[in-house]
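A.B. asks: have a look; sequence and predicted model below, questions after that.
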Protein chains: 2
Amino acid sequence: MRTLYTFFRSSTSYRVRIALAVKGLEWEPRYISLPKMEHRSAAYMDINPQGLVPALIDGGLLLAQSLAILEYLDEVYPEPRILPDDPAERAYVRGLAQIVGCDMHPLNNIRVLKWLKARWGFSDDDTNEWYRHWIAEGLRAFEATLVREDRHGLYCLGDALTIADICLVPQVANARRFACDLAAFPLTTAIADRTAALPAVESVAPQTQADAF
Amino acid sequence: MRTLYTFFRSSTSYRVRIALAVKGLEWEPRYISLPKMEHRSAAYMDINPQGLVPALIDGGLLLAQSLAILEYLDEVYPEPRILPDDPAERAYVRGLAQIVGCDMHPLNNIRVLKWLKARWGFSDDDTNEWYRHWIAEGLRAFEATLVREDRHGLYCLGDALTIADICLVPQVANARRFACDLAAFPLTTAIADRTAALPAVESVAPQTQADAF
């Protein structure tokens, strides 16, 4: 049995939950509350010294960093694949996933928002402006790439679910939670909504998790 | 011939230059000045609609996002490999690379620093504090992971150069440029320095580039 250290609202945890669900892999949750700073507890830092969620224990192996976990899961449990076979197509879906994973989420995650408030005196309005700025910039890039490359079908690359879609769903869900204007990104949001409606994806949505509040 | 859109001081461009150099692949540079906002020019946005560097054109294929480019290069030009074969080891070096690529660089890149100053009124001192905060937090995680996993040798994973080392070098170079205190990260900085001293890596360092100033 594998163990996932997860927080319901963590979009990086959500990515990994989706990949596990899509592949039909069972896992036991260990809930790590980010608001309670449990990710910095001695007990958790002993498991994952990075002090971040998610972390996956699989066969005694500690896996950290969600994008690395998605790749690992696809290499070790290849059915169904969430990365295509062709190197050019792999680069394409990785690039899309990294718009979310490298250009959007890192700027808007809870540790950044908390520090903006605590150290830099950001108000709620300031924080919302910050959040929406990076959402708008990232989704602009995502939408422009989808339009320019024109390789989408039901999902970002044709009709097969990939890591691009898996990373997109939690980011779009968060954007809606922060009331971001998504009108300029119709293709991106349609793909996110289609992916989010898959039963496997729905089964691990934040509000389904036992630690949700 | 491949074409790399690069800025000498962009650490993500530097990652890709290192991988190309290590693999002995030739490339023609196209210099995109971030301070001059050339990455947002119509001409460049027409090439890479994400409006970010680096971008690599290889055989007519547009590749964006540096971590995706590193994986592509290793899949298409496998000698020498910059990712190991074993899935657990691949996950490990990807996770280390992503500490840099997802937890450090996105918070400290030039677009963020510029916006902190222009929109949020950060002084130079504020910006330096911001920069050093995320460097310290990221390198703490990196060092703790190296120590805990104890799989390092000459490089992060044994004695073979991987994407972890390739991503580390530009980040440590930037940390020094911002006068960050690196005393608490001796293992990490030793590996970064060892990697930076490789002739292939030295050959593409920022100060060697024709657009350096």
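C.D. replies: Received the coordinates, thanks. Numbering: from 1, shown residues only, chains lettered A, B, ... in the order given.

A.B. asks: next one: stretch A:144-154 to chain centre, how far?
C.D. replies: Between the centre of stretch A:144-154 and the centre of its chain there are 20 Å (C-alpha atoms, centre = their mean, to the nearest Å).

A.B. asks: span of it from start to end?
C.D. replies: 17 Å (C-alpha to C-alpha, to the nearest Å).

A.B. asks: please apply the same query to stretch A:18-36.
C.D. replies: Across stretch A:18-36, the terminal residues are separated by 24 Å (C-alpha to C-alpha).

A.B. asks: phi, psi of the residue of chain A positioned farthest from its centre?
C.D. replies: With distances taken from the mean C-alpha point of chain A and given as C-alpha atoms, centre = their mean, the most distant residue is A:Gly121, at 27.6 Å. In terms of degrees, to the nearest 10, the main-chain angles of A:Gly121 are phi 70, psi 20.

A.B. asks: distance check, it against B:Trp115.
C.D. replies: Remark: distance between A:Gly121 and B:Trp115 (C-beta to C-beta, to the nearest Å) = 17 Å. No exception for glycine: its C-beta is placed from N, CA and C like everyone else's.

A.B. asks: ok, A:Ala205 next?
C.D. replies: 32 Å.

A.B. asks: again with A:Tyr131
C.D. replies: Distance from A:Tyr131 to B:Trp115, counting by C-beta to C-beta: 13 Å.

A.B. asks: which one's more surrounded, the two?
C.D. replies: Legend: neighbour count by other C-beta atoms under 10 Å in any protein chain shown for A:Tyr131 and B:Trp115, higher for A:Tyr131 (21 against 16).

A.B. asks: close to chain B, is the strand or helix carrying the more buried one?
C.D. replies: Assessed by DSSP states H and E, A:Tyr131 sits inside helix A:124-149. Yes. Against chain B, helix A:124-149 shows contacts by C-beta under 8 Å from any C-beta of the partner chain at A:Asp126, A:His133, A:Ala141, A:Ala144, A:Thr145, A:Val147, A:Arg148.

A.B. asks: for that helix, the distance to its chain's centre please.
C.D. replies: Centre-to-centre, helix A:124-149 and its host chain are 15 Å apart (C-alpha atoms, centre = their mean).

A.B. asks: what's the mean pLDDT across it?
C.D. replies: Across helix A:124-149, the average pLDDT comes to 98.

A.B. asks: buried ones in it?
C.D. replies: Of all the residues in helix A:124-149, those buried under the rule 16 or more other C-beta atoms under 10 Å in any protein chain shown are A:127, A:130-132, A:134-146, A:149.

A.B. asks: need the contact list for A:Asp165.
C.D. replies: Applying C-beta atoms under 8 Å, 6 or more residues apart in numbering or on different chains to A:Asp165 gives the contacts A:Tyr155, A:Cys156, A:Ile191, A:Ala192, A:Thr195.

A.B. asks: doesn't A:Cys102 belong to a helix?
C.D. replies: Yes. Counting by DSSP: H, G, I helix; E, B strand; the rest coil, A:Cys102 is located in a helix.

A.B. asks: my guess is it meets B:Leu107, correct?
C.D. replies: No. Counting by C-beta atoms under 8 Å, A:Cys102 does not reach B:Leu107; the two are 10.7 Å apart.

A.B. asks: more neighbours, these two?
C.D. replies: Using other C-beta under 10 Å, the more surrounded residue of A:Cys102 and B:Leu107 is A:Cys102, with 26 against 22.

A.B. asks: and the gap between that one and chain B?
C.D. replies: According to C-beta to the nearest C-beta, to the nearest Å, A:Cys102 and chain B sit 5 Å apart.

A.B. asks: if I look at that residue, how far off is A:Arg15?
C.D. replies: Relative to A:Arg15, A:Cys102 is positioned 13 Å away (C-beta to C-beta).

A.B. asks: can you check A:Ile166 too?
C.D. replies: A:Ile166 is 6 Å from A:Arg15, where distance means C-beta to C-beta.

A.B. asks: which residues do the two both contact?
C.D. replies: A:Leu70.

A.B. asks: which residues touch A:Val147?
C.D. replies: Contacts for A:Val147 (C-beta under 8 Å, 6+ apart) come out as A:Leu187, B:Pro49.

A.B. asks: gap between the residue farthest from the centre of chain A and B:Leu113?
C.D. replies: Using C-beta to C-beta, A:Gly121 is found at 19 Å from B:Leu113.

A.B. asks: cool, and A:Glu28?
C.D. replies: Distance from A:Glu28 to B:Leu113, by C-beta to C-beta: 42 Å.

A.B. asks: strands of chain A, start to end?
C.D. replies: Taking DSSP state E as the criterion, chain A contains strands spanning A:2-6, A:27-31, A:55-58, A:61-64.

A.B. asks: so which of the ones you listed is the most surrounded?
C.D. replies: Among the strands of chain A, strand A:55-58 has the highest mean neighbour count (mean count of other C-beta atoms under 10 Å in any protein chain shown), at a mean of 24.

A.B. asks: is it possible to export the strands of chain A to CSV including mean pLDDT and distance to A:Ala173?
C.D. replies: Below are the strands of chain A laid out as CSV (pLDDT from 0 to 100; distance: least, C-beta to C-beta, whole Å):
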stretch, mean pLDDT, distance to A:Ala173
strand A:2-6, 98, 15
strand A:27-31, 98, 19
strand A:55-58, 98, 21
strand A:61-64, 96, 23
